[in-house]
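A.B. asks: Kindly return the folded structure for what I paste below:
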Amino acid sequence: MRNRTLHQILEAFTAEAAGRLTFETAHGAEIPFELVQSDARPRRRAALYCYRPLTGAFIRERLGLLIALPTYAPAARALSLQPGIESYLRQRGEARIPSEARERADAALRCLLARVFAERSEFAFSKPRFETAYCELEHALYEGRAVNTVIAPLLGIGLDRASAELALGDGLSLVRGDSIPDAPAEAVWADGDQATVLVVLVVTQGRSVRPPLSIARARFRRLLTALRLFERGGYALGPLAWTRIDDGEWRPVALTASGRPRSLTLISAEHEDELRGFCNLVARRRPPTGEVAWALARYEMGCERLAPFEALSDYLLALRALLEPEGPDSGHLARRLAALCGTPEDRVALAERAARAISLERAVVVGVAPDTDGADALVDELAEHLRALLCDVICGHLDKDLCAVAERLSTEAAAAAR
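C.D. replies: Prediction:
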């Protein structure tokens with residue numbers, strides 16, 4: 001077996017499909033048959049005929065019911081990412097190969113079920129028959145290619161109890177560590193007694209190509225950025241990743257430092273689609289250069305500090321890049337931040353809190369750590385406003401010229417107060 005994740009997803013779908021098809025036949029649905037000549041008797045004797053169930057046609061007629069199953073979407077999504085799916089469809093005798101990846105995945109799932117239940121008049125799930133059908137599929141998908149898997153602990157995040165995996169697209173997913181049977185213990189239990197969430201990248205490529213470690217590092221960092229923008233939290237990657245080819249041994253590789261988790265953020269089942277869409281949006285719209293890109297990098301530096309007050313200068317530098325291009329002596333930062341992030345009745349108080357946070361920076365510079373919870377709360381509030389601004393600009397909800405937007409809002413508020 002080269003791809004355990006794909007195997008688990010397809011096995012879950014096949015078992016659920018078996019239950020649904022069994023329900024259909026138990027409630028009166030009839031499997032069509034065809035009359036075929038048997039080859040069991042010698043040629044000189046009278047021919048014998050037998051009835052052969054047309055399970056493939058029965059399954060095709062009920063695709064609408066199967067698509068509605070909870071396990072169908074993950075199975076179709078996993079198959080749509082496989083580059084060798086056309087070979088499998090040709091082997092299964094498909095006359096027309098769909099041009100769209102999702103349509104090819106739909107056809108492959110139908111072919112897989114037809115192979116599992118071929119010439120059977122009942123649909124009880126059979127593990128041996130599934131394994132045979134899956135091996136045929138996997139051979140077609142990966143002939144001449146290798147499945148490269150890279151995993152790393154993603155600290156500070158948890159998945160819903162009902163979700164073993166959250167697929168993010170293009171081979172990237174979040175997986176509960178204890179759901180990967182042979183994952184290294186150092187990865188699964190990196191954060192104590194509770195199994196960690198692993199970020200997993202699966203790449204299929206030629207066997208002569210080097211493992212995609214640089215790709216994995218870049219994809220993992222982009223995911224970390226998206227999570228920090230999606231919801232405030234203490235996310236971090238573990239110091240080590242592990243990689244393997246097909247079902248080979250796991251090999252540890254170093255990752256760059258990415259901070260220290262300070263809390264646990266749970267991604268509930270109802271927010272999984274939202275996170276998936278957000279990660280894809282950030283990957284497309286993240287600016288490579290400019291003030292927003294620089295501010296985002298500074299924001300992430302702040303997220304990786306060990307204590308909130310240590311991140312204060314990072315957050316202020318990022319906000320000055322976005323809101324105070326005239327320089328800190330202009331004194332515009334607190335007012336513009338309040339105009340953008342505060343409600344009309346709270347803008348004065350927010351400007352005062354921002355000014356106090358700015359005044360705390362000098363204490364941090366000279367090495368005097370604030371000793372009150374209020375100072376940490378001010379820094380956390382500043383970080384949350386910065387996160388919201390970066391998120392809205394990158395997602396297109398706010399114009400990237402935040403100074404102009406803030407000045408317009410301030411002018412409108414002044415006019416309304418007259």
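A.B. asks: Hmm, Glu326 and His332 touching each other?
C.D. replies: Yes. With contact taken as Cβ atoms under 8 Å, His332 and Glu326 are classed as touching, separated by 6.4 Å. For every residue, glycine as well, the C-beta is placed using N, CA and C.
A.B. asks: So those two - more neighbours on which side?
C.D. replies: His332 (20 against 12; other Cβ atoms under 10 Å).
A.B. asks: Can you tell me how far the more buried one is from Leu113?
C.D. replies: According to Cβ to Cβ, to the nearest Å, His332 stands 64 Å off from Leu113.
A.B. asks: cool, Ser163 as well?
C.D. replies: The gap separating Ser163 from Leu113 is 24 Å, by Cβ to Cβ.
A.B. asks: Could you check which of those two has the larger neighbour count?
C.D. replies: When Ser163 and Leu113 are compared for neighbours, Leu113 comes out ahead with 27 against 16, by other Cβ under 10 Å.
A.B. asks: Can I get the host helix or strand of Glu16 in CSV? Just the C-alpha atoms.
C.D. replies: When elements are assigned from DSSP states H and E, Glu16 belongs to helix 4-26. These are the backbone C-alpha positions of helix 4-26, laid out as CSV (Å, rounded to 0.1, in the frame of the first residue of the first chain):
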residue,chain,number,x,y,z
ARG,A,4,-2.7,4.9,3.5
THR,A,5,-4.7,8.1,3.6
LEU,A,6,-6.3,7.4,0.2
HIS,A,7,-6.9,3.8,1.3
GLN,A,8,-8.7,4.8,4.5
ILE,A,9,-10.9,7.4,2.7
LEU,A,10,-11.9,5.0,-0.1
GLU,A,11,-12.5,2.1,2.3
ALA,A,12,-14.9,4.3,4.4
PHE,A,13,-16.8,5.4,1.3
THR,A,14,-17.1,1.8,0.0
ALA,A,15,-18.4,0.5,3.3
GLU,A,16,-21.0,3.3,3.5
ALA,A,17,-21.9,2.8,-0.1
ALA,A,18,-22.4,-0.9,0.6
GLY,A,19,-24.8,-0.1,3.4
ARG,A,20,-26.8,2.3,1.2
LEU,A,21,-27.0,-0.2,-1.7
THR,A,22,-28.0,-3.0,0.7
PHE,A,23,-30.8,-0.7,2.0
GLU,A,24,-32.0,-0.1,-1.6
THR,A,25,-32.2,-3.8,-2.4
ALA,A,26,-33.9,-4.6,0.9
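A.B. asks: Could you point out the helix or strand that follows the helix or strand harbouring Arg387?
C.D. replies: Taking DSSP H and E as the definition, one finds Arg387 inside helix 373-395. Once the chain leaves helix 373-395, the next helix or strand it forms, by DSSP H and E, is helix 402-417.
A.B. asks: Quick one: mean pLDDT for that following helix?
C.D. replies: When the per-residue pLDDT values of helix 402-417 are averaged, the result is 89.
A.B. asks: just stretch 269-285 next, same as before
C.D. replies: Per-residue pLDDT values across stretch 269-285 average out to 92.
A.B. asks: repeat for stretch 9-27
C.D. replies: In this model, stretch 9-27 has an average pLDDT of 91.
A.B. asks: Tell me the buried residues in it?
C.D. replies: Buried residues in stretch 9-27, counting neighbours by 16 or more other Cβ atoms under 10 Å, are found at Ile9, Leu10, Glu11, Ala12, Phe13, Thr14, Glu16, Ala17, Ala18, Leu21, Glu24.
A.B. asks: what does it rub up against?
C.D. replies: Residues from elsewhere that reach stretch 9-27, judged by Cβ atoms under 8 Å, 6 or more residues apart in numbering: 31, 58-59, 62, 65-66, 69-72, 74-75, 78-79, 109, 112-113, 116-117, 122-125, 130, 134, 137, 165.
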